[in-house]
Structures are given as C-alpha cells and as structure tokens.
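Visitor: Quick one: sequence and predicted model below, then my questions.
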Amino acid sequence: MKQTAILWVLVFVFAAMAPVSALADWKVHYTGKAGQMFGYGGRGSFSSKAQCEAARTSRPGFERNNSYCSGFDPPKPYVAPAPAYRPPSGQQAGGQVQQTNPAVLEAQRRQAEEAAKQRAQVAAMEQAAAIMQQQQFDQGKSTLANDLRNRLNASGGTNGQSLSDCWAARAGQASQRGDRAAAKTFADYSIAAREGKSVPACQAAGQSPAVPMPQGVTIIDDNPVRRLTEEKRQLDTRIATLSGKRAEARATAEKKKAEVETLEKASRSTTDPKAKAETDTLLAEAKKALADAQEQDSRATQEINRAQEELKVVNEAKARAEQSRSGASAGGNAAR
C-alpha cells in the first residue's frame, strides 16, 4: 500500500516536469472537397504553428489549397512588467525627438505675436504720453515767460493802458511838442509792443499810476472849475493817445509804401513766372497793409478833430466858470 502511494507521487511529479512543447497542439484541418474526402477532423499533432504549416504546405496542391492549421501554443511564463520609461522632454522612447503638434506651435506663435503687439502698443502709449508731457511743459514755460514779460512791460503802464497805447500816447505828446524824432521813436515802440516784441517800459509823461476807484462808488464834484479841469485833462490825454496812434499809422504807411515800391520794381523786372507770382502775392499783401494804415490814419485824424472840438467847448466853459467864480469872490470881498 505504501509502495503504491509512492508510485502515484512519482507519476505526478514526472507529469509536472513534462516539457513545455508537450503542452502545445497544432493540427491540419481540411475544408471543402478535401474535407469530404479526408474528413473535417484535425490530423497530426505539432508543437508549433510553424511545424504545422510546414507539413501542410508539403502536401499536394489540392490538399494544400483546401486546408488550414489550427491549434494553440504553450502558455507563456509570467514576467513582471518593467518600470515604465519616461523619456526626457521633447524625446520619445528610443531617443527619437518627439514631434510637436502643429496646432500647438501655431497657438504658441499667435500668443507670442499678441504679446509683442501689446508690448508695442504699451511702448507707443508711453512715448505719446512723454511727448504730451513735454509739450505741456514747453507750453507752460512759454506761457510763464509771456506772463512775466507782459508784467515787466506793464509795470510802468498808466491807468490800465496797454503798453502799445502808452507809447502811442507818448508819441502824440511828442508830436504836439514838435519833437518829431521822439514821436517817431515812441510810435515805433508802440508798433513793436502791438506785435508782441520786447520794448522798454512806458510811463506817460507827467502822470503817475492812479489808484483804482472802488467799484460801485461814484464821486460827484459840485465844483464846476475842478470838474471841467478834469474833463480837459481827460481830453488832452485822449488827443495825445489818438495823435500817437496816428503817428504809428503814418510810420507804418511809410514802411509799407517803401515795400510796395520795391516789390513793384521786382515784379516788373523778373522773368521767372514762379518768382513773379510770389512777388505779386507779397505786393498784394503790402498794398493791403498800406491801405489799412492809411485808413487808421484817417480815422485817428477824424477822432482828433472831434476831441479838439470838445476840448474847445470845455475850455470855454472852464473860462466862464473861472470868471464867474472870480466875480463871486470879488463881490464877497466888497460886501465885507
């Protein structure tokens, strides 16, 4: 009994140690007419499909064309999977460079272009802001310089007159005195001041800056002599100012008349059509300026004549008032 048990154990061990090829089985199966002739069941027993195919293809053509191999290989031993290999960035397994998706490349290119465009826009905005700040700074400097220059020029002005009017009044006063040289110099100052050029400060001769009268206050002078004296002073100042403006207009007219004569000669002597056209344009402008100066001279003369008529009436009234006051004063003394 004990020997029988040992025998079965040995049989089991030898069966377990059978070669792997003994666990495979491939057979040739016939089809069609060949199957009808030889049967459809498998024939032979091969340890691999290659052996089965070699045997099948060695048969005559009829059998070879109407047969196939079918079976199974021995089971493969279990092998633990190797750790997954992660290739470096940009490469595939085996060292090959990984091909980037074209769509990804296009998206990256567009993002780069958009970022560059935004940077360019920001740079342009910063440059425009810098230019604007510089322009504002330059404009502020120019405004400040003009304001300082105007204040300096107006520091000697009288009763709020502009610098040009002040020099025009000085020119009128010089003209009334017969000082033609001073009248011409003062008239030139008035023209230069009106054109925005730098001229000396002006203070009307014989006058000092007046204290401005408070708004809403009116002084009524019941003394006719004093009131007429003030009216006479105002008319004298007005006539002097108008005379200065007239002297200024006449000085301008003299300059423009000389320019007209020079340009007329140049227009007649030139043969170049383009140069003649430019000269004629300048000639037309000079003639217009001459006509304007002559018109200003005429208006100033008319206003001077009216002011002189008013001054004549004021002087006569002042003389009567002084005579009346003198008579009243003499009567009072006789009564005493």
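Guide: Alright, I've got the coordinates.
Visitor: same for the helix or strand containing residue 289, what does it pack against?
Guide: Assigned by DSSP states H and E, residue 289 belongs to helix 273-335. If you count contacts as 3 or more Cβ pairs under 8 Å, 6 or more residues apart in numbering; DSSP states H and E, helix 273-335 packs onto helix 224-269. Yep, even glycine has a C-beta here, placed from its N, CA and C like the rest.
Visitor: Tell me what angle the helix it packs on forms with helix 273-335.
Guide: For helix 224-269 against helix 273-335, the angle by axes from the mean of the first three to the mean of the last three Cα atoms, to 10 degrees is 170 degrees.
Visitor: helices or strands up against helix 224-269?
Guide: Counting by 3+ Cβ pairs under 8 Å, 6+ apart, helix 224-269 packs on helix 163-177, helix 180-194, helix 273-335.
Visitor: In contact with the closest residue to residue 170 other than its chain neighbours, which residues are there?
Guide: Excluding the flanking residues, the one nearest residue 170 by Cβ to Cβ, 6 or more residues apart in numbering is residue 186, at 4.3 Å. Residues near residue 186 by Cβ atoms under 8 Å, 6 or more residues apart in numbering: 167, 168, 170, 171, 174, 244, 247.
Visitor: wait, what's in contact with the first one?
Guide: Put plainly, it is residue 167. Applying Cβ under 8 Å, 6+ apart, we find residue 167 in contact with 186, 187, 189, 190, 193, 199, 202, 244.
Visitor: what do you get if the cut-off is 7 Å, keeping everything else the same?
Guide: Going by Cβ atoms under 7 Å, 6 or more residues apart in numbering, residue 167 touches 186, 189, 190, 193, 199, 202, 244.
Visitor: list the buried ones in the host helix or strand of residue 34?
Guide: Here residue 34 sits within helix 32-38, counting by DSSP H and E. Of all the residues in helix 32-38, those buried under the rule 16 or more other Cβ atoms under 10 Å are residue 34.
Visitor: packing partners for the next helix or strand after it?
Guide: Sequence order places strand 43-46 as the next helix or strand after helix 32-38, per DSSP H and E. Under the contact definition 3 or more Cβ pairs under 7 Å, 6 or more residues apart in numbering; DSSP states H and E, strand 43-46 sits against strand 25-30, helix 49-57.
Visitor: follow-up on the earlier one: rebuild the contacts of residue 167 as TSV, extending it with pLDDT and distance to residue 226.
Guide: Shown next, in TSV, are the contacts of residue 167 (pLDDT from 0 to 100; distance: Cβ to Cβ, whole Å):
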residue	pLDDT	distance to residue 226
186	84	31
189	84	34
190	83	32
193	82	34
199	80	36
202	83	28
244	87	27
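Visitor: Any chance of those in JSON lines with distance to residue 301 as columns?
Guide: Output for the contacts of residue 167, formatted as JSON lines (distance: Cβ to Cβ, whole Å):
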{"residue": "186", "distance to residue 301": "18"}
{"residue": "189", "distance to residue 301": "21"}
{"residue": "190", "distance to residue 301": "17"}
{"residue": "193", "distance to residue 301": "22"}
{"residue": "199", "distance to residue 301": "25"}
{"residue": "202", "distance to residue 301": "23"}
{"residue": "244", "distance to residue 301": "13"}
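Visitor: Can you tell me which of those residues is closest to residue 106?
Guide: residue 193 (70.6 Å; Cβ to Cβ).
Visitor: The helices and strands packed on helix 224-269: which one's closest to residue 58?
Guide: helix 273-335 (111.7 Å).
Visitor: now the angle from that closest one to helix 163-177?
Guide: Interaxial angle of helix 273-335 relative to helix 163-177 (the same axes, to 10 degrees): 70 degrees.
Visitor: quick check: mean pLDDT across stretch 227-238?
Guide: For stretch 227-238, mean pLDDT is 86.
Visitor: Now do the buried residues in that stretch.
Guide: 227, 228, 229, 231, 232, 235, 236, 237, 238.
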